[in-house]
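Trainee: how would this look folded up:
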Amino acid sequence: MAEYSVTIEYDNDDKIYIARIPELKGCAAHGYTREEALKEINVAMELWLEVAEEMGDTIPAPALYAG
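Mentor: Down below sits the predicted model:
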């Protein structure tokens, strides 16, 4: 499976961590811990990719970062 970038931010209002995959528009998940948010974003990514494939949508390539 492709390696997409993941951002995780803390929401002080809701007291949750929000994870997003910038390359996959609208792909986000949350959790009460960073670990939970990361686990949930992996589930969301799998579902996002599955639906995009079923709909015949173009699946974006992962962003490339120089390390």
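Trainee: can you list the buried residues in the strand or helix carrying N42?
Mentor: Using DSSP states H and E, N42 sits within helix 34-55. Neighbour-count burial for helix 34-55, counted by 16 or more other C-beta atoms under 10 Å, picks out 37, 40-42, 44-45, 48-49, 52. Every residue, glycine included, has its C-beta placed from N, CA and C.
Trainee: equivalent analysis for stretch 20-37, please.
Mentor: Residues of stretch 20-37 classed as buried under the neighbour-count rule (16+ other C-beta under 10 Å) are 20-21, 23-24, 27-31, 37.
Trainee: contact partners for the spatially most central residue of the chain?
Mentor: For the chain, I21 is the residue whose C-alpha lies nearest the centre (C-alpha atoms, centre = their mean; 3.4 Å). Contact analysis of I21 by C-beta atoms under 8 Å, 6 or more residues apart in numbering lists 4-7, 27-28, 41, 44-45, 48.
Trainee: check E53 too.
Mentor: I59.
Trainee: for burial, what's the neighbour tally of Y4?
Mentor: 19 (other C-beta atoms under 10 Å).
Trainee: meant to ask about L64, not that
Mentor: 7.
Trainee: which SS class is it?
Mentor: What DSSP: H, G, I helix; E, B strand; the rest coil gives for L64 is coil.
Trainee: let's have the chain start at 17 instead
Mentor: Will do, 17 is the new start, and the previous item becomes L80.
Trainee: got any ranges where the chain has weak pLDDT?
Mentor: Within the chain, the segments meeting pLDDT under 70 span 17, 81-83.
Trainee: repeat the analysis, applying 80 as the threshold.
Mentor: 17-18, 80-83 (pLDDT under 80).
Trainee: distance of E39 relative to K31?
Mentor: Here the criterion is C-beta to C-beta, to the nearest Å. By it, E39 lies 27 Å from K31.
Trainee: kindly report the same for A79.
Mentor: Note on A79: its distance to K31, by C-beta to C-beta, is 29 Å.
Trainee: the two: which is more packed in?
Mentor: Neighbour count, other C-beta under 10 Å: between A79 and K31, A79 has more, with 11 against 8.
Trainee: was I right to think that one contacts L40?
Mentor: No - shown here, A79 and L40 do not form a contact pair, counting by C-beta atoms under 8 Å, at 10.7 Å.
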